[in-house]
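Trainee: got a structure for you, letters missing:
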Ligand SMILES: [Zn+2]
Ligand SMILES: [Zn+2]
């Protein structure tokens, strides 16, 4: 089998912001929340499996526009969620509703329920917010754990694409890590390591500014997690802000990435979930570095800082439709 990963969206929750006059919001380009599709092709080069990672706003539009998924080719076989936040799940209703109706139109019956995997903590939130979608379209499977950030979970087998291993690694994500009702801590978020015999891709979103284990591992579990994430051919990493916040906040910054990148040694680093805004407005200093930057400006500034830090490999902000082959 041949596999490729396509980006369906690269953006943070708020996309182009109502009421903002910055260069980023003035850009008329397609935007969608962070999401990727793993497309797998059989020996005859026919699309044989579509694995979707996250489905926030705008993702359905990206899928409709992919040449391999256009019109009657629109297949979907498996969903993985990094966590329950709306920018990773709000597109499920439209995506699954449209798809199921069109399968019925084409074949006369609704498709079987679609397998969806997520962490146990996220499953609880999904039942709270997406009961209709779970009831109609989804066959939920979940991890039976509440492992702390920096833990390698068991690989999730996907029978039809056995030559790719999908391994969740737990990440800390402030504002996601609670039970519904917020009465207790429940770790809800993970990244995914996608490995074939010759290629490793790491989806490391969303990630907050509390993941100190990436820079200063304290336990054997942390070391194992770093080893799992290290030496990726392509590392997709949440980098919402340029400067770190001093208070706990849901996302990491580029300058924090510079701290943990030497341990991860990615060959190519893709900056995603870029906000270009202070999102909630910074109250810990006057510096608004990154404010209003377009992806081109992110790339330019990141490449300069990467070189100055003496890091190997390349870095850039990718676009919707960018494709990465296994
Ligand atoms: Zn999130
Ligand atoms: Zn997010």
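Mentor: Received the coordinates, thanks. In this text, all values refer to a predicted model and were calculated from it rather than measured experimentally. Ligands and ions are numbered 1, 2, ... in the order given.

Trainee: State the three-state secondary structure for residue 19.
Mentor: Judged by DSSP: H, G, I helix; E, B strand; the rest coil, the three-state class of residue 19 is coil.

Trainee: got any ranges where the stretch 151-300 of the chain has weak pLDDT?
Mentor: Applying pLDDT under 70 to the stretch 151-300 of the chain picks out residues 279-289.

Trainee: need the residues of it near ligand 1, please.
Mentor: Within the stretch 151-300 of the chain, the residues that sit near ligand 1 (C-beta under 5 Å from the ion) are residue 206. From N, CA and C alone the C-beta is placed, and that goes for glycine too.

Trainee: in the stretch 151-300 of the chain, which spans are helices?
Mentor: Using DSSP state H, counting those that start in this stretch, the helices found in the stretch 151-300 of the chain span residues 220-229, 254-264, 295-308.

Trainee: Next, count neighbours for the residue of the stretch 151-300 of the chain found nearest ligand 1.
Mentor: Residue nearest to ligand 1 within the stretch 151-300 of the chain (C-beta to the ion): residue 206, separated by 3.8 Å. Close neighbours of residue 206, defined as other C-beta atoms under 10 Å, add up to 28.

Trainee: How about the one 4 residues further on?
Mentor: Look at residue 210: counted by other C-beta under 10 Å, it has 16 neighbours.

Trainee: Reformat the helices of the stretch 151-300 of the chain as JSON lines; add mean neighbour count.
Mentor: As requested, the helices of the stretch 151-300 of the chain are exported to JSON lines (neighbours: other C-beta atoms under 10 Å):
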{"stretch": "helix 220-229", "mean neighbour count": "18"}
{"stretch": "helix 254-264", "mean neighbour count": "19"}
{"stretch": "helix 295-308", "mean neighbour count": "16"}
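
Trainee: Turn those helices into CSV, columns for distance to ligand 2.
Mentor: Compiled in CSV, those are given as follows (distance: least, C-beta to the ion, whole Å):
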stretch, distance to ligand 2
helix 220-229, 18
helix 254-264, 16
helix 295-308, 17
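
Trainee: Compare those helices and give me the one nearest residue 174.
Mentor: Distance to residue 174, taken as C-beta to C-beta, is lowest for helix 254-264 among these, at 13.4 Å.

Trainee: how close does residue 326 get to residue 9?
Mentor: Residue 326 sits 21 Å away from residue 9 when distances are taken as C-beta to C-beta, to the nearest Å.

Trainee: Those two: which is more packed in?
Mentor: Neighbours of residue 326 and residue 9, each counted by other C-beta under 10 Å, are more numerous for residue 9; the result is 28 against 20.

Trainee: beta partners for the more buried one?
Mentor: Counting by DSSP bridges, residue 9 forms beta bridges with residue 35.

Trainee: from memory it sits against residue 63, does it?
Mentor: No - at 10.1 Å, residue 9 does not count as touching residue 63 under the criterion of C-beta atoms under 8 Å.

Trainee: Pick out the residue closest to the middle of this protein.
Mentor: The residue lying closest to the centre of the chain (C-alpha atoms, centre = their mean) is residue 205, at 4.5 Å.

Trainee: leaving aside the residues next to it on the chain, what's closest to the closest residue to ligand 1 within the stretch 51-200 of the chain?
Mentor: Closest contact between the stretch 51-200 of the chain and ligand 1, by C-beta to the ion, is at residue 85 (3.4 Å). Leaving aside its chain neighbours, residue 85 sits nearest to residue 176 (5.7 Å; criterion: C-beta to C-beta, 6 or more residues apart in numbering).
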